[in-house]
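Peer 1: this is a predicted model, with the sequence first.
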Amino acid sequence: MKTEQIVLASRPTGLPVSNNFRIEQVELPEIDAGEILLKGMYYSVDPYMRGRMNDTKSYVPPFEINKPLNGSVIGKVVESKSDNYKSGDVVVGSFPWQKDFIATEKDVRIIDITIARASYYLSILGMTGLTAYFGLMQIGKPKAGETVVVSAAAGAVGIVVGQIARIQGCHVVGIAGSDEKTKMLISGFGFNEAINYKTISDMNKAIAEACPKGVDVYFDNVGGEISDAVIKNINFHARIPLCGQISLYNSTETPMGPRLQPMLLTKSVLMQGFIVSNYQAQFPEGIKMLAQWIKEGKLKFTETIEHGFENLPTALLGLFKGENTGKMIVEA
Ligand code: NDP
């Protein structure tokens, strides 16, 4: 059968453009014993994919020119030559950006769509929810009464970080890029304060006002000047889970900023980078906790769903323009 795929046509300089991607037709062979044919339902687009568009060594290999991009996908089994999967099963795995694709049994995991909608397994019950949970709980170690600040607070990771910090009894301040987002964080997701970094002229002062007792935990999703301002307000023995640096992902030069090490040193601050897969062995525990909080009504979530397989590149680029609230997902 014929299907469509989206390949990396060229490597971007700075912010990617639509010409860096190309849609192609591809022929799929018949499936062999032990294989399943899947139709893509929901595709995850994530900021880390920008790094994979560069030809640089990282914790995941770069995308290859003229080969399909790939990422987490929820798919429905349409044909199976496996004893473990049947037509109609809904599964998650890491797959190429193709409308239809072939997987082996070990590539997929069945998801239970009676607990939560299928797309949630790409977000709150998947990679971004687990990133929030382990980064905050294992590195941030928030204690009741402390102040937690999170950047990209209205995004997939940030919105969960803020709510978990509230569950722990913390004063929570979110930083996001529009008044609509900051209002939503306070009225819809229980944040105590929220700052629109695009309209505030003095971030340092805004953080100081929102955090009268200083910052005990800063969950850093963005880096750059926003993080410089938060760290100026950091408390003694604060913890900084270093999760993402999205403000720098499209930089074409090495960005310079204030030297922060003296402040981290003199205030005995812990700053620790992490990749969610560091906690892979504990994922079942994380999913159990997140699912329980959802069931108890303590943890809410939201998604931005773009429609149409061909809109995967546009959705990916939208992450760098703040076009999403909660998780950005493409429904094929
Ligand atoms: P989001 O859903 O938060 O989407 C990205 C958001 O970042 C946008 O909505 C936008 O919101 C904000 N943003 C974009 N450009 C800038 C900028 N220049 N300055 C400040 N904010 C910006 O994405 P995720 O929740 O998936 O990821 C959040 C961060 O966590 C990313 O840095 C990502 O790389 C990282 N991450 C790390 C993981 C790990 O294992 N360490 C795993 C998953 C994610 P706004 O409107 O507020 O600007």
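Peer 2: Perfect, I can see it now.

Peer 1: which SSE is the residue nearest to the spatial centre of the chain in?
Peer 2: In the chain, the centroid-proximal residue (CA atoms, centre = their mean) is Thr128; its distance is 4.4 Å. Using DSSP states H and E, Thr128 falls within helix 127-134.

Peer 1: equivalent analysis for Val150, please.
Peer 2: Counting by DSSP H and E, Val150 is part of strand 147-151.

Peer 1: who touches that strand?
Peer 2: Contacting residues not belonging to strand 147-151 are listed as 136, 140, 142, 158, 161-162, 165, 170-175, 197, 207, 210-211, 213-222, 226-227, 230, 235 [CB atoms under 8 Å, 6 or more residues apart in numbering]. (C-beta placed from N, C-alpha, C; glycine too.)

Peer 1: wondering if the next helix or strand after it reaches the ligand at all.
Peer 2: Moving toward the C-terminus from strand 147-151, the next helix or strand (DSSP H and E) is helix 156-167. Yes - Helix 156-167 is in contact with the ligand by CB under 6 Å from any ligand atom, via 156-158.

Peer 1: phi, psi of the residue lying closest to Thr304 once chain neighbours are set aside?
Peer 2: Nearest residue to Thr304, sequence neighbours excluded (CB to CB, 6 or more residues apart in numbering): Asn324, at 4.1 Å. Torsion angles at Asn324 (phi, psi; degrees, to the nearest 10) stand at phi -110, psi 150.

Peer 1: repeat for Tyr121
Peer 2: Dihedral angles (degrees, to the nearest 10) for Tyr121: phi -80, psi -10.

Peer 1: list the contacts of it.
Peer 2: Neighbours of Tyr121 in contact, by CB under 8 Å, 6+ apart: 74, 92, 111.

Peer 1: close to the ligand: what parts of the stretch 1-150 of the chain are there?
Peer 2: 46-48, 127-128, 131.

Peer 1: which bits of the stretch 151-300 of the chain sit near the ligand?
Peer 2: So far as CB under 6 Å from any ligand atom goes, the stretch 151-300 of the chain lies against the ligand at 152, 154-158, 176-178, 181, 221-222, 226, 243-247, 274-276.

Peer 1: about what we covered before: and the pLDDT at the residue lying closest to the residue nearest to the centre of the chain once chain neighbours are set aside?
Peer 2: Nearest residue to Thr128 in three dimensions, chain neighbours excluded: Ala156, at 3.8 Å (CB to CB, 6+ apart). Ala156 carries a pLDDT value of 98.

Peer 1: for Thr114, same thing?
Peer 2: pLDDT, Thr114: 87.

Peer 1: check which helix or strand Pro241 maps to.
Peer 2: Applying DSSP H and E as the criterion places Pro241 in strand 234-242.

Peer 1: run the chain-centre distance for that strand.
Peer 2: 22 Å (CA atoms, centre = their mean, to the nearest Å).

Peer 1: pLDDT of that strand, averaged?
Peer 2: 98.

Peer 1: cool, stretch 84-94 as well?
Peer 2: For stretch 84-94, mean pLDDT rounds to 96.

Peer 1: same check, this time on stretch 172-184
Peer 2: On average, stretch 172-184 scores 98.

Peer 1: so which bits of stretch 76-94 are buried?
Peer 2: 77, 79-80, 82, 85, 89-93 (16 or more other CB atoms under 10 Å).

Peer 1: and the contacts of strand 147-151, which of them are in helices?
Peer 2: Residues of the contacts of strand 147-151 located in helices (DSSP state H): 158, 161-162, 165, 207, 210, 226-227, 230.

Peer 1: so which of these is the closest to Glu303?
Peer 2: Nearest to Glu303 out of the ones in helices among the contacts of strand 147-151 is Gly158 (CB to CB; 13.9 Å).

Peer 1: identify the residues contacting that closest one.
Peer 2: So Gly158 contacts 132, 150-152, 174, 176, 219, 221 (CB under 8 Å, 6+ apart).

Peer 1: helices along this structure, start to end?
Peer 2: Going by DSSP H, the chain shows helices at 48-52, 127-134, 156-167, 179-189, 203-210, 224-231, 261-266, 283-295, 312-318.

Peer 1: follow-up on the earlier one: just checking: what are the partner strands of the strand holding Val150?
Peer 2: strand 171-176 (parallel), strand 215-219 (parallel) (DSSP bridges).

Peer 1: just the angle between the shortest one and helix 203-210, please?
Peer 2: Okay, so that is strand 215-219. 120 degrees (axes from the mean of the first three to the mean of the last three CA atoms, to 10 degrees).

Peer 1: go on, the longest one?
Peer 2: Relative orientation of strand 171-176 versus helix 203-210 (the same axes, to 10 degrees): 150 degrees.

Peer 1: buried sites along strand 171-176?
Peer 2: Buried residues in strand 171-176, defined by neighbour count with 16+ other CB under 10 Å: 171-176.
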